[in-house]
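**Student:** this one's sequence-less:
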C-alpha cells in the first residue's frame with residue numbers, strides 16, 4: 001500500500017483528536033490508561049472478558065459490547081485497543097481513488113466511531129449505521145451529536161432482516177469492519193494438500209451464503225463493499241472470496257490490501273477486501289496468493305526457512321526434485337493429517353512439512369543432513385504414535401496408497 005499523503009494523515013489525526021481516541025504502546029499501557037480513566041471494578045470485568053475471548057482466537061464475546069457501551073467515554077476508550085487498526089483501515093479507504101459515495105451503510109457500527117469518520121470524510125453523503133446493541137447505538141448517537149454531524153443516523157437492526165428495511169440497490173458504499181464474520185456463515189475450508197487444490201474444492205462445494213446475497217442486493221451496480229476481517233491465512237482468505245463469488249460479488253485484487261497494524265503492542269495482519277459486482281481480471285488463486293506472497297523471501301539457498309504460502313510456492317517452483325523419504329501422521333482425533341518429506345534436488349535437500357489443513361513449512365538443507373533427518377523422523381515417530389497413525393514411504397506411489405483424514 002502506498003504511503004498516506006500528508007492530507008490523509010492530517011484528516012485522520014484531526015478526527016482522532018476530536019474524538020479523544022488514544023493510541024497505546026502496548027497492552028500494559030492500554031490497561032493503565034483504562035484504570036486511570038474508569039472505575040477499577042468496571043475495567044476488571046471488561047478486561048477479564050477480553051482476556052477470555054482473546055485466548056480463543058482474537059474476537060470479543062458478544063456480551064462485552066453491552067458491558068463496554070455503558071457510556072460513550074468508556075466505549076471509546078475500550079475501542080482504543082484497536083486504534084491502530086482503525087487508522088490503517090481509514091488510510092486504505094482514503095487511498096482508493098474511485099470512492100465518492102452518496103449513501104453509505106456501516107454494518108455492525110457499534111459505538112459509531114467508524115461511522116462518524118465516514119460521515120466526516122464524505123459530508124455530502126448519507127451514512128446509516130446499523131447494530132443490534134441498543135447501548136452501542138446510544139453511544140453512537142451521542143458521538144454524532146458531539147461532532148455535530150447532520151448526515152448520519154443509526155438504526156437498531158439485525159442484518160438477517162435487512163431486506164425489510166432497505167430496498168435493493170440502496171447503497172453505493174457498504175462497509176463491514178470486523179463484523180462480517182459475525183453475520184455470515186463460518187468458513188469451512190475443504191481439506192487439501194495444496195492451496196490451489198483447496199480453492200478448486202471450495203469452488204466446487206460452496207453454495208450461496210444468504211448474508212452475502214443480501215449484501216449484493218443492497219449494493220448499487222457500480223458501488224463497492226469494503227470489508228476487513230480477521231482471517232488467519234491465505235486459504236481462509238481464498239475461501240471467503242469464493243463465498244463472495246457464489247453471490248455475484250467479486251474481489252478486486254488490485255485494490256484489496258493486506259493491512260498490517262499494531263494492536264496494543266501486538267502485530268496483526270488482516271485482509272481489507274474491495275468488493276464489487278464487476279468481475280476481476282485475476283482469479284481467486286492468483287489474487288489471494290499474490291496478496292500474501294512476499295517474493296523477496298523466496299530463495300533456494302542453504303538455510304532458507306519459509307512458512308505458509310511462501311513455503312508452498314517455493315517448494316512447487318523447484319524443478320527436478322526427487323522424493324527421498326516421507327512420514328505421514330494421521331491424527332486419531334480426526335483433526336487432519338500431517339506429512340514430513342525430504343526431497344533431493346542437486347546438492348540440496350528440501351525438508352517440507354505440510355498438512356491438509358493449511359500448515360506449510362520448508363527448510364533447504366545440505367545433503368549431509370539426511371542422516372540427522374532420519375534420526376529426527378524416528379524420534380518424532382515415538383512422540384506421535386500415542387495420538388497419530390504414523391506411516392513411512394519412499395515414493396509418491398506408496399504415499400498415495402495411505403489413508404488420510
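**Tutor:** Structure received. Predicted model only: the values in this text are computed from it and were never measured. Numbering: from 1, shown residues only.

**Student:** So residue 91 sits against residue 10, correct?
**Tutor:** No - applying C-beta atoms under 8 Å as the test, residue 91 and residue 10 come out as separate, 12.0 Å apart. Quick note: C-beta positions are derived from backbone N, CA and C, even for glycine.

**Student:** In stretch 67-86, which of the residues would be classed as buried?
**Tutor:** Across stretch 67-86, burial judged by 16 or more other C-beta atoms under 10 Å covers 67-69, 72, 74-86.

**Student:** end to end, how far does that stretch reach?
**Tutor:** When the termini of stretch 67-86 are compared using C-alpha to C-alpha, to the nearest Å, they are 21 Å apart.

**Student:** Identify the residues contacting that stretch?
**Tutor:** If you take C-beta atoms under 8 Å, 6 or more residues apart in numbering as the criterion, stretch 67-86 is touched by 16, 19-24, 30, 33-34, 37-38, 42, 45-46, 49-50, 110-111, 113-114, 117, 133, 135-136, 138-139, 142-143, 177-178, 259, 261-264, 268, 270.

**Student:** give me that answer again for 6 Å
**Tutor:** When contacts are taken as C-beta atoms under 6 Å, 6 or more residues apart in numbering, the neighbours of stretch 67-86 outside the stretch itself are 21-23, 30, 34, 37-38, 46, 111, 113, 135-136, 139, 142, 261-262, 264.

**Student:** Kindly report the same for stretch 329-336.
**Tutor:** So stretch 329-336 is contacted by 337-338, 355-357, 384, 387-390, 405 (C-beta under 6 Å, 6+ apart).

**Student:** Return the subset of those residues lying in strands.
**Tutor:** Among these, the subset assigned to strands under DSSP state E consists of 337-338, 355, 388-390.

**Student:** correct me, but residue 364 touches residue 304?
**Tutor:** Yes - using C-beta atoms under 6 Å as the test, residue 364 is close enough to residue 304 to be in contact (4.3 Å).

**Student:** From the neighbour counts alone, determine which of these two ranks first.
**Tutor:** In this view residue 364 and residue 304 are compared by other C-beta atoms under 10 Å, and residue 364 has more residues nearby, 21 against 18.

**Student:** Now the helix or strand where that one lies: buried residues?
**Tutor:** Element membership for residue 364, per DSSP states H and E: strand 360-366. Taking 16+ other C-beta under 10 Å as the neighbour-count basis, strand 360-366 is seen to contain the buried residues 360-365.

**Student:** One more: stretch 333-344?
**Tutor:** By 16+ other C-beta under 10 Å, the buried positions in stretch 333-344 come out as 336-344.

**Student:** before we move on, what about stretch 133-150?
**Tutor:** For stretch 133-150, the neighbour count (16+ other C-beta under 10 Å) marks 133, 135-144, 147, 149 as buried.

**Student:** With respect to residue 226, which of the residues you listed is nearest?
**Tutor:** Comparing the buried residues of stretch 133-150 against residue 226 with C-beta to C-beta picks out residue 140 as the nearest, at 18.8 Å.

**Student:** what kind of secondary structure is the closest one in?
**Tutor:** helix (DSSP: H, G, I helix; E, B strand; the rest coil).

**Student:** Could you double-check that it lies in contact with residue 111?
**Tutor:** Yes - with contacts counted by C-beta under 6 Å, residue 140 reaches residue 111, the gap being 5.4 Å.

**Student:** Next one, pLDDT for the closest residue to residue 274 other than its chain neighbours please.
**Tutor:** Once its chain neighbours are removed from consideration, residue 274 has its nearest residue in residue 255; the separation is 3.7 Å (C-beta to C-beta, 6 or more residues apart in numbering). Reading off the per-residue confidence, residue 255 sits at a pLDDT of 96.

**Student:** Can you give me the distance of residue 255 to residue 271?
**Tutor:** With distances defined as C-beta to C-beta, to the nearest Å, the gap from residue 255 to residue 271 amounts to 12 Å.

**Student:** Check residue 63 too.
**Tutor:** Distance check for residue 63 against residue 271: by C-beta to C-beta, it reads 28 Å.

**Student:** These two - which one has more neighbours?
**Tutor:** residue 271 (22 against 10).

**Student:** Make a markdown table from the buried residues of stretch 333-344 and add pLDDT and distance to residue 220 to it.
**Tutor:** A markdown table is the format used below for these (pLDDT from 0 to 100; distance: C-beta to C-beta, whole Å):
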| residue | pLDDT | distance to residue 220 |
| --- | --- | --- |
| 336 | 95 | 42 |
| 337 | 97 | 46 |
| 338 | 96 | 47 |
| 339 | 97 | 48 |
| 340 | 95 | 51 |
| 341 | 96 | 50 |
| 342 | 95 | 55 |
| 343 | 95 | 51 |
| 344 | 93 | 57 |
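
**Student:** Tell me the one of these nearest residue 162?
**Tutor:** If you rank the buried residues of stretch 333-344 by distance to residue 162 using C-beta to C-beta, residue 336 comes first, at 36.6 Å.

**Student:** What are the phi and psi values at the closest one?
**Tutor:** Main-chain torsions, residue 336, degrees, to the nearest 10: phi 140, psi -170.

**Student:** Determine the number of other residues adjacent to the residue nearest to residue 233 when sequence neighbours are not counted.
**Tutor:** Computed as C-beta to C-beta, 6+ apart, the closest residue to residue 233 that is not its neighbour in sequence is residue 358, at 5.6 Å. Here the number of neighbours of residue 358 (other C-beta under 10 Å) works out to 20.

**Student:** mind checking how far residue 358 is from residue 322?
**Tutor:** Distance from residue 358 to residue 322, by C-beta to C-beta: 26 Å.

**Student:** Residue 175 too?
**Tutor:** With distances defined as C-beta to C-beta, the gap from residue 175 to residue 322 amounts to 51 Å.

**Student:** These two - which one has more neighbours?
**Tutor:** residue 175 (26 against 10).

**Student:** where's that one relative to residue 373, distance?
**Tutor:** Using C-beta to C-beta, residue 175 is found at 50 Å from residue 373.

**Student:** Tell me, how many residues neighbour the closest residue to residue 251 other than its chain neighbours?
**Tutor:** With C-beta to C-beta, 6+ apart as the measure, residue 241 is the residue that lies nearest to residue 251, at 4.8 Å, once sequence neighbours are left out. Close neighbours of residue 241, defined as other C-beta under 10 Å, add up to 29.
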